[in-house]
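Asks: attaching a predicted model along with its sequence, questions to come.
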Amino acid sequence: MSGEFDHIVWRSPTGEILSCVEKIKVMRENLEELKQMAQDAMEDALLMGGDEHQVRQVLHELVDSLINPYPDAE
């Protein structure tokens with residue numbers, strides 16, 4: 001299965017390459033879902049007359065606001 005996110009080499013906080021196939025699959029699927037949801041939000045905003053630049057800015061701010069619930073795991 002080849003996808004848009006297959007090229008990403010996932011690493012641990014110490015820089016080691018993650019090699020677990022199932023973990024990589026879950027991360028890829030999560031990114032695919034996020035991208036589709038963001039695309040849907042963009043399209044809805046544009047159809048309702050929203051500004052593309054503002055939607056992109058809000059999406060960036062959303063990602064920047066994500067919180068690591070496992071800070072001790074790093």
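Replies: Alright, I've got the coordinates.
Asks: any stretches of the protein with poor pLDDT?
Replies: Counting by pLDDT under 70, the ranges of the chain that qualify are 1-2, 73-74.
Asks: give me phi/psi at R11?
Replies: Here is the backbone geometry of R11 (degrees, to the nearest 10): phi -130, psi 160.
Asks: also I17?
Replies: Dihedral angles for I17 - degrees, to the nearest 10 - are phi -70, psi 130.
Asks: what of the one 10 residues further on?
Replies: Dihedral angles of M27 (phi, psi; degrees, to the nearest 10) stand at phi -60, psi -40.
Asks: confirm for me that it is in contact with W10.
Replies: Yes: checked against C-beta atoms under 8 Å, the pair M27 and W10 is within contact range at 6.1 Å. C-beta: built from backbone N, CA, C; applies to glycine.
Asks: now do the residue nearest to the spatial centre of the chain against D44, distance only.
Replies: By C-alpha atoms, centre = their mean, the chain has its centre lying nearest to L31, at 4.4 Å. From L31 across to D44, the span is 20 Å (C-beta to C-beta, to the nearest Å).
Asks: check N68 too.
Replies: To D44, N68 is 29 Å away according to C-beta to C-beta.
Asks: neighbours of G50, just the number please.
Replies: G50: 14 surrounding residues under other C-beta atoms under 10 Å.
Asks: again, but for E32
Replies: E32, neighbours per other C-beta under 10 Å, totals 13.
Asks: quick one: residues contacting it.
Replies: 3-5 (C-beta atoms under 8 Å, 6 or more residues apart in numbering).
Asks: quick check: buried residues in the helix or strand containing the residue nearest to the centre of the chain?
Replies: Assigned by DSSP states H and E, L31 belongs to helix 21-47. Within helix 21-47, the residues that count as buried by 16 or more other C-beta atoms under 10 Å are 24, 28, 45.
Asks: now flag whichever of those residues is closest to H53.
Replies: H53 lies nearest to A45 out of those, by C-beta to C-beta, at 10.9 Å.
Asks: before we move on, back to that, now that we have the contacts of E32, which one has the most neighbours?
Replies: Ranked by the number of neighbours (other C-beta under 10 Å), the contacts of E32 place F5 first, at 14 neighbours.
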